[in-house]
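Student: sharing a model prediction with you, sequence too.
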Amino acid sequence: MRKSSIDWLRTEPAAAAALAVFLVSAATLAGAWYFQYVLKLAPCPLCLEERIAYHVVIPLSLLMVIAALARAPRMLLTVGFVVIAVAALANAVLAAYHSGVEWQLWAGPTECSGPLTSLNSGGSLLNRLNDLHVVRCDEASWRFLGISLAGYNVLISLLLAALAGLGLFARKPGT
């Protein structure tokens, strides 16, 4: 009897969890690029910082898929899933901070939500204003169902941490 091509999802739950992390992370980063390059919604400095976790998680999760399928030592898989979970949770905290800045619950970083003080450095004020393109961290450029992109990033990052937890505690059938 021939096995289905997706039977490995059941027989290799760590690989399946790592693949889910990879797909969700890649889709999230692709979505961020869509908003930036297609919809022309420039990211603020906090948005760009939130993307760093995805640049770590995407290649690591792909390596984890390969490692799990190659039957790498459990300790290696454990370390990989812990790193993914820590990166995702740290990103959730940063995104929650960013969401709070957008909702005016607390002040954001001065470089993207504070007063402009760099205009005093000389030169034509009109030229300096034309060259200045500040994307504010305290103004959500897009919302759906009342949640901003930073808010959705909190939810996605928590999902990634949960998927990493599933991979961390995944057991093969019959073990």
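Tutor: Here it is on my side, so go on. Note that the coordinates shown come from a computational prediction; the quantities given were computed from them, not determined experimentally.
Student: what number of residues are in the vicinity of the closest residue to residue 13 other than its chain neighbours?
Tutor: Once flanking residues are discounted, residue 13 sits nearest to residue 170: 3.6 Å by CB to CB, 6 or more residues apart in numbering. Quick note: C-beta positions are derived from backbone N, CA and C, even for glycine. Other residues within reach of residue 170, judged by other CB atoms under 10 Å, total 18.
Student: so what does the host helix or strand of residue 32 touch, helix or strand wise?
Tutor: Using DSSP states H and E, residue 32 sits in helix 13-33. Using 3 or more CB pairs under 8 Å, 6 or more residues apart in numbering; DSSP states H and E, the elements in contact with helix 13-33 are helix 8-11, helix 45-69, helix 74-102, helix 149-168.
Student: mean confidence score for stretch 88-102?
Tutor: Averaging pLDDT along stretch 88-102 gives 89.
Student: surely the residue nearest to residue 13 is within a strand?
Tutor: No: if the criterion is DSSP: H, G, I helix; E, B strand; the rest coil, then residue 170 is coil and not within a strand.
Student: could you measure from it over to residue 26?
Tutor: 21 Å (CB to CB, to the nearest Å).
Student: on that earlier part again, could I get the CA-only coordinates of the helix holding residue 32 as CSV?
Tutor: Once non-C-alpha atoms are left out, helix 13-33 reads as follows in CSV (Å, rounded to 0.1, in the frame of the first residue of the first chain):
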residue,chain,number,x,y,z
PRO,A,13,5.3,16.1,13.9
ALA,A,14,8.4,18.2,14.6
ALA,A,15,9.0,18.7,10.9
ALA,A,16,5.3,19.5,10.5
ALA,A,17,5.5,22.2,13.2
ALA,A,18,8.7,23.6,11.8
LEU,A,19,7.1,23.7,8.3
ALA,A,20,4.0,25.5,9.8
VAL,A,21,6.4,28.1,11.4
PHE,A,22,8.2,28.6,8.1
LEU,A,23,4.9,29.0,6.1
VAL,A,24,3.3,31.4,8.6
SER,A,25,6.5,33.5,8.9
ALA,A,26,7.2,33.7,5.2
ALA,A,27,3.6,34.7,4.5
THR,A,28,3.8,37.4,7.2
LEU,A,29,7.0,38.9,5.8
ALA,A,30,5.6,38.7,2.3
GLY,A,31,2.5,40.5,3.5
ALA,A,32,4.6,43.2,5.1
TRP,A,33,6.4,43.6,1.7
